[in-house]
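Participant: got a structure for you, letters missing:
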């Protein structure tokens, strides 16, 4: 089974801190994604990557950046955390193989609280 | 045009009932409609999906009904069980970027014994 592992389940940070959220997948997937999940808003795409060192903005990239130095690892960075970034953050991956590229595999999420 | 609408926001049914979750979209370029199921403390997982060339797809107790002309689709759970209690997200994507998925806001389902 595909495993997408997020480094922290819960994280509490202070306003202005630099925050790193780490995600690792073990299925050699080409594509990786960061979403945030908020009640009543569903999942919104922050950034995604189709290849190492490649990144694309999603629907809500403001206040975030990402890093993909290795195929299996995709990091989300909050340069200066703000209270409106308190949310559940979900990492996902998918394969480029025809017939498999529609399915997203999600990690268990990181609940970030910014005080 | 990119939005996927979903209702109801929450739903409580008795065991054995048939909860129905409805979704609607505007962009006719969407051609893949998955449903994801999320249990508390877990990430969403793909439950079932449909393409617009069929009007219904069934997998076990879960059925998607699709109405292309109305741009609506719905999830039905037959003989619902307490273990089906979860948040359900409908979603839509396009052939040009299947993995760039637009999610609905979610429905919290509780199945009471």
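Facilitator: Received the coordinates, thanks. Here the structure is a predicted model, which means the values were calculated and not measured.

Participant: now do whichever residue of chain A sits closest to chain B, the pLDDT please.
Facilitator: Distances between chain A and chain B by CB to the nearest CB are smallest at residue A:106, namely 3.0 Å. Where C-beta positions appear, they are placed from N, C-alpha and C, glycine not excepted. On the pLDDT scale, residue A:106 is placed at 96.

Participant: I'd assumed residue A:109 was in contact with residue A:90.
Facilitator: Yes - with contacts counted by CB atoms under 8 Å, residue A:90 reaches residue A:109, the gap being 4.9 Å.

Participant: overlap in contacts, the two.
Facilitator: The contact sets of residue A:90 and residue A:109 overlap at A:6, A:37, B:43 (CB atoms under 8 Å, 6 or more residues apart in numbering or on different chains).

Participant: what's the spacing between the residue nearest to the first one when sequence neighbours are not counted and residue A:16?
Facilitator: Read it as residue A:6. Closest residue in space to residue A:6, ignoring its immediate chain neighbours: residue A:107 at 4.1 Å, by CB to CB, 6 or more residues apart in numbering or on different chains. For residue A:107, the distance to residue A:16 (CB to CB, to the nearest Å) stands at 26 Å.

Participant: can you tell me the distance between the two ends of stretch B:81-88?
Facilitator: End-to-end distance for stretch B:81-88: 15 Å, by CA to CA, to the nearest Å.

Participant: element containing residue A:66?
Facilitator: Residue A:66 is located in strand A:65-70, with elements delineated by DSSP states H and E.

Participant: nope, residue B:65 is what I meant
Facilitator: Assigned by DSSP H and E, residue B:65 falls within strand B:62-67.

Participant: rewinding a little: the residue nearest to the residue of chain A closest to chain B when sequence neighbours are not counted: what's it in contact with?
Facilitator: Leaving aside its chain neighbours, residue A:106 sits nearest to residue B:43 (3.0 Å; criterion: CB to CB, 6+ apart). By CB under 8 Å, 6+ apart, residue B:43 lies in contact with A:4, A:90, A:92, A:106, A:107, A:108, A:109.

Participant: what do you get for residue A:106?
Facilitator: Contact analysis of residue A:106 by CB under 8 Å, 6+ apart lists A:4, A:90, A:91, A:92, B:43, B:44, B:45.

Participant: for residue A:62, see how far away it is.
Facilitator: 23 Å.

Participant: now do the SS call for the closest residue to chain A within chain B.
Facilitator: Here the residue of chain B nearest chain A is residue B:43; by CB to the nearest CB that distance is 3.0 Å. Here residue B:43 is coil, with the state taken from DSSP: H, G, I helix; E, B strand; the rest coil.

Participant: okay, and the residue nearest the centre of chain A sits in which element?
Facilitator: Centroid-nearest residue in chain A: residue A:34, 2.6 Å away (criterion: CA atoms, centre = their mean). Following DSSP H and E, one finds residue A:34 within strand A:31-38.

Participant: buried residues in that strand?
Facilitator: By neighbour count on 16 or more other CB atoms under 10 Å in any protein chain shown, the buried set for strand A:31-38 is A:31, A:32, A:33, A:34, A:35, A:36, A:37.

Participant: surely the third one meets residue A:93?
Facilitator: When you say that, I think you mean residue A:33. Yes - in this structure residue A:33 lies within contact range of residue A:93 using CB under 8 Å: 7.2 Å.
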